[in-house]
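A.B. asks: Following is a predicted model, sequence given first.
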Amino acid sequence: MWTYGALVVGPWLMRRAGLRVVLGTTIEQVRFTGAQALPLVALAALALGTLVFTQANAYVPVDYIPKVAATLLAREVVPLVVGIVIVGRSGTAIAVQLASMRLDGEVKALVSMGMILEHVVVLPRLLGAVVSAALLGAWGLAVGLVLGYGVSDLVEPLPFRLALVLRAVAPGDVLLLLLKCVLFGAGAAVVAVREGLQVRTSSVELPRAATNSAVRGVGLCMVLNVVLSLLAA
């Protein structure tokens, strides 16, 4: 079983060929976890952004709407959307893929060839999830603010301009967004890898690995979200 120590030290000990393997797998993971999830994150961010603007317009004093909407989207809504998408879409895929590799003997073959699991299996998926989560967070915030404002303004004209909303996004809000997304992505990847590599004997364990990865990944994201929000308050 892989260890966290080897995962941290590994990149500094790898040769050039090993780095190429990790880089190639990482790029593929970013393509699947990040690029292919852009439409889903955009749709969710648009829907929730529209909801935030319309509800804030109905219940919040006009002078506070831009700040309230921008803060909610940046600090809470978009990070959770990104975390849930990565857990539900990529985390389960990673768990099933690694579980299948273990059952088919691919993991044992890699070890027998002298390859280190932390380098060729864990690290690329962790890096891919982290990079993808940060990119999806920035993308989701842009869509939620701009398109969410636009759709809300079409439904019912808003008494302020988009420029006020964009100016209301503080640098601290963006930093918290990126921090949450990075931790959510890393947590989802670690949970998925552990669940996938714990499969031992039968294909019956595959659905269990996927379910455990999704449930525990979402739970971890929720806990991290609450802790980080309270610390940043």
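C.D. replies: Okay, I see it.
A.B. asks: and the residue of the chain most remote from its centre, which of the three is it?
C.D. replies: The C-alpha centroid of the chain is most remote from Pro159, which lies 33.7 Å away (CA atoms, centre = their mean). Under DSSP: H, G, I helix; E, B strand; the rest coil, Pro159 falls in the coil class.
A.B. asks: Kindly list the main-chain dihedrals of it?
C.D. replies: Torsion angles at Pro159 (phi, psi; degrees, to the nearest 10) stand at phi -80, psi 30.
A.B. asks: same deal with Leu110?
C.D. replies: Backbone torsions for Leu110, taken as degrees, to the nearest 10, come to phi -60, psi -40.
A.B. asks: Just give the closest residue to it, not the sequence neighbours.
C.D. replies: Leaving aside its sequence neighbours, Leu110 sits nearest to Val120 (CB to CB, 6 or more residues apart in numbering; 6.3 Å). C-betas here are computed from N, CA, C, even on glycine.
A.B. asks: residue contacts, the one you found?
C.D. replies: Counting by CB atoms under 8 Å, 6 or more residues apart in numbering, Val120 touches Gly18, Val21, Val22, Thr25, Leu110.
A.B. asks: what's the answer for Ala44, then?
C.D. replies: Per CB under 8 Å, 6+ apart, neighbours of Ala44: Val81, Val85, Gly140.
A.B. asks: Looking at those, state which has the most neighbours.
C.D. replies: Gly140 (31 neighbours; other CB atoms under 10 Å).
A.B. asks: any idea of the pLDDT on that one?
C.D. replies: pLDDT for Gly140: 97.
A.B. asks: ok, it touching Ala45?
C.D. replies: Yes: counting by CB atoms under 8 Å, Gly140 does reach Ala45; the two are 4.1 Å apart.
A.B. asks: what's the overlap in contacts for those two?
C.D. replies: With CB under 8 Å, 6+ apart, Gly140 and Ala45 have common neighbours Val78, Val81.
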